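> Structural data only, the sequence is not supplied:
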């Protein structure tokens, strides 16, 4: 069970996942990898979880997360470079030559 100090409207995901991983480790079940799925993703597909795990392993990166195209303001968008790595954008993201579609976290797995 999550401690009271982590069960509020202000605690970030990293602190919650860190606590969960430490709890498992303290109880003899250390995790080599973790997957955080938000309640806002009820229709997540197993194939995307597998794809994300495969990219995590093959990339040597510390994490992956999912994104999808969207047609809304950029405030929650990310920029994707040619290696599939992400950063915050200053302008439109162009994931494919000639594309002006923006991306948000949801379906395509990216490296970070």
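Everything's here; your move. None of the values given here were measured: they were computed from a predicted structure. Residues are numbered from 1 along each chain as shown.

> ok, and for stretch 53-68, which residues are buried?
For stretch 53-68, burial by neighbour count (16 or more other C-beta atoms under 10 Å) applies to 56, 59, 64, 66-67. C-beta here means a position set from N, CA and C on the backbone, and glycine is covered the same way.

> What's the mean pLDDT across it?
Mean pLDDT, computed over stretch 53-68, is 86.

> My guess is residue 80 contacts residue 68. True?
No - assessed by C-beta atoms under 8 Å, residue 80 is found out of contact with residue 68, at 12.0 Å.

> picking that back up, just the buried residues of stretch 53-68: which are in helices?
For the buried residues of stretch 53-68, membership in helices holds for 56, 59, with DSSP state H as the criterion.

> Residue 11 - how many residues pack around it?
Neighbour count of residue 11, defined by other C-beta atoms under 10 Å: 14.

> For it, pull up the helix or strand it's in.
Using DSSP states H and E, residue 11 is not contained in any helix or strand.

> Spatially nearest residue to it (excluding sequence neighbours)?
residue 5 (7.6 Å; C-beta to C-beta, 6 or more residues apart in numbering).

> Could you do residue 49 as well?
Nearest residue to residue 49, sequence neighbours excluded (C-beta to C-beta, 6+ apart): residue 35, at 6.6 Å.

> in this structure, which ranges drop under the pLDDT threshold?
Across the chain, the ranges flagged by pLDDT under 70 are 70, 72-76, 88-112.

> cutoff 90 now
Judged by pLDDT under 90, the chain has its weakly predicted residues at 1-2, 37-45, 48, 52, 59-112.

> Who does the residue positioned nearest the centre of it form a beta bridge with?
Relative to the mean C-alpha position of the chain, the nearest C-alpha, by C-alpha atoms, centre = their mean, is the one of residue 65, at 2.5 Å. On the basis of DSSP bridges, residue 65 is bridged to residue 110.

> Next one: it from residue 78, what distance?
Per C-beta to C-beta, to the nearest Å, residue 65 is found 9 Å from residue 78.
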